[in-house]
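# prediction below, plus the sequence it came from.
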Amino acid sequence: MLIAGGGIAGLTTAISFAARGFSVRLFERSAKPQEHGAGLQLSPNATAILDRLGVLTRLKGAGMQPDGVLLRDARSLDEIARVPLGEAGAARWSAPYLVMHRADLHAALMSVASRDSNIEIVTGATVRDAATHGHGITASIDSGGKVKEASGRLLVLADGVWSANRALVGAETRSTFTGRIAWRATLRTGASAVSGLIAPDSVNAFLHPRAHLIAYPIRGGSAVNLAAFACGSTTDRTWVEHADVAALTKAFTGADDALLRLLREAGPWTVWPIHTIDPKSPWIDPEGIVAVGDAAHAMTPFAAQGAAMAIEDAFVLAQNVAGQPAAISVALKRYEHERRERIAAVARRGRLNEFAWHAGFPASTVRNLFLRLRGPEHLVADMDWLYGWRPADGGTG
């Protein structure tokens, strides 16, 4: 098996296949693989799979288990609703809800993959092209300016939302800018701007008609991750370092002074343009090429499921190929059929959250009343379809 990309999607795919006895070669374009960004939320549908793959135990001390998600009004700081998580959630969904730094998850995946004799990780190598044939697939690999070939039965595209290889499955290579920007920063837990504003045991969500801010502990509680989302424009297709916070505070005009102070003191901020992929785009070439994660179906982050969907994809893909090792075409079609319905449902949830979290008056009043009347127990039950999902089989083999 050949894999393009050594991020969360690619490494999870490699581990999932290796766990079923497949030999894997993973090609990562960076000479030193690393994850950009900051915080990451991993819901039980993802952590249950990581547990099966032997990754979860390596996250102890890095991942934290919040007691709940706390929704608050950015202008008044009033609590709108609380969704319980913690030990009760772990018992309900048979796996924990964790928050952590992306780099900690990447390091745990890399640790597992690099110790597996079935996995070869090739860095400084970029998959440039591929061709299918009767014996499988041959990929062209650019390594230090020299082009080499690698052959296998299957090529997995796990090279992200800006994949240059998406055309190999017949999809448009250009992603679509959503008009929203993600702002990210971290603060020390003891910073004065954090005290009294950020509940240290929760995922805090501050809702505003033009933006919202998510804050939660990472790095064993020593830091707070901040992720803000607002409208913006950019032509960059990468992280932009040291962004001017004035644009962000303007989006939060009318917010409580304590929240605005937090935004100003949290720098430096980095910004990331949020891009999506047409959900109807092809994911597979039945002859032996398949896209997973953001390379297949990048969506907005408003359901906090980007990493989780990549992890699910990886496991389900390996599961289907292992079930039909002599019929790759059948396995890939089955994989795509299984995943499309799930991905579509998660994307709908993200759109619902985006609408609800940015509701202005009077829609925000209706939202707040609905959430309060719904109550914590019903809000938890509303997530069973998402957090309680599990692959069809009972193990990795």
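Arrived safely.
# CA atoms for contacts and neighbours, from now on please.
Will do.
# how about residue 153: what's its closest non-neighbour residue?
Distances taken as C-alpha to C-alpha, 6 or more residues apart in numbering put residue 136 closest to residue 153, at 4.3 Å, once the chain neighbours are dropped.
# how many residues are close by the one you found?
A count of nearby residues for residue 136, using other C-alpha atoms under 10 Å, gives 17.
# for residue 115, same thing?
A count of nearby residues for residue 115, using other C-alpha under 10 Å, gives 10.
# let's have the chain start at 289 instead
Let's use 289 as the start, then, which means that last one is residue 403.
# looking at this structure, which helix or strand does the model trust least?
Here the helix or strand of the chain ranked lowest by mean pLDDT, DSSP states H and E is strand 528-531, holding a mean of 72.
# in the helix or strand residue 515 falls within, which of the residues would be classed as buried?
Using DSSP states H and E, residue 515 falls within strand 511-519. By neighbour count on 16 or more other C-alpha atoms under 10 Å, the buried set for strand 511-519 is 511-519.
# who does it pair up with?
Partners of strand 511-519 in the sheet, by DSSP bridges, are strand 464-476 (antiparallel), strand 499-506 (antiparallel).
# so what touches the shortest one?
What it means is strand 499-506. 327, 350-352, 362, 387-389, 477, 486-495, 511-519, 539-540, 645-646 (C-alpha atoms under 8 Å, 6 or more residues apart in numbering).
# returning to that earlier point: my guess is the residue nearest to residue 441 contacts residue 575, does it?
Yes. Here residue 424 reaches residue 575: they are 7.3 Å apart, a contact under C-alpha atoms under 8 Å.
# so where's the stretch 439-588 of the chain shaky on pLDDT?
For the stretch 439-588 of the chain, the stretches with pLDDT under 70 are 522-529.
# where along it do the helices fall?
Secondary structure of the stretch 439-588 of the chain by DSSP state H, counting those that start in this stretch: the helices cover 533-539, 545-553, 582-585.
# just the ones you listed: most buried one?
Highest mean neighbour count of the helices of the stretch 439-588 of the chain: helix 582-585, a mean of 26 (counted as mean count of other C-alpha atoms under 10 Å).
# number of nearby residues for residue 289?
Burial measure for residue 289: 22 neighbouring residues, criterion other C-alpha under 10 Å.
# and it, how far is that from residue 440?
5 Å (C-alpha to C-alpha, to the nearest Å).
# just residue 546 next, same as before
With distances taken as C-alpha to C-alpha, residue 546 is found 56 Å from residue 440.
# same check, this time on residue 306
14 Å.
# which residue of the two possesses the greater neighbour count?
Set side by side, residue 306 and residue 440 show more neighbours around residue 306, with 21 against 18, by other C-alpha under 10 Å.
# how about the top helix by length along the chain: buried residues?
Secondary structure of the chain per DSSP state H: the longest helix is helix 616-645. Of the residues in helix 616-645, 616-624, 627, 631, 634-635, 637-639, 642, 644-645 count as buried by neighbour count, 16+ other C-alpha under 10 Å.
# tell me the angle that helix makes with strand 499-506.
The directions of helix 616-645 and strand 499-506 differ by 110 degrees, with axes from the mean of the first three to the mean of the last three C-alpha atoms, to 10 degrees as the criterion.
# mind giving me the packing neighbours of helix 616-645?
Counting contacts by 3 or more C-alpha pairs under 8 Å, 6 or more residues apart in numbering; DSSP states H and E, helix 616-645 packs against strand 572-573, helix 594-611.
# residue 394 is nearest to which of the ones you listed?
helix 594-611 (10.8 Å; C-alpha to C-alpha).
# hmm, back to that, list the buried residues in whichever helix or strand comes after the longest helix of the chain.
The element immediately downstream of helix 616-645 (helix or strand, assigned by DSSP H and E) is helix 651-669. Neighbour counts using 16+ other C-alpha under 10 Å place 652, 655-656, 659, 664, 667-668 of helix 651-669 among the buried residues.
# packing partners of helix 651-669?
Helices and strands touching helix 651-669, by 3+ C-alpha pairs under 8 Å, 6+ apart, are strand 367-372.
# the strand it packs on - which strands sit beside it in the sheet, and in what orientation?
When DSSP bridges is applied, strand 367-372 pairs with strand 356-361 (antiparallel).
# now do the partner strand: distance to the chain's middle.
Mean C-alpha position of strand 356-361 versus that of the full chain (C-alpha atoms, centre = their mean, to the nearest Å) differs by 21 Å.
# next, the angle from it to helix 651-669.
Interaxial angle, strand 356-361 versus helix 651-669 (the same axes, to 10 degrees): 170 degrees.
# dump the residue contacts of the residue lying closest to residue 476 once chain neighbours are set aside.
Leaving aside its chain neighbours, residue 476 sits nearest to residue 511 (4.4 Å; criterion: C-alpha to C-alpha, 6+ apart). Going by C-alpha under 8 Å, 6+ apart, residue 511 touches 474-477, 505.
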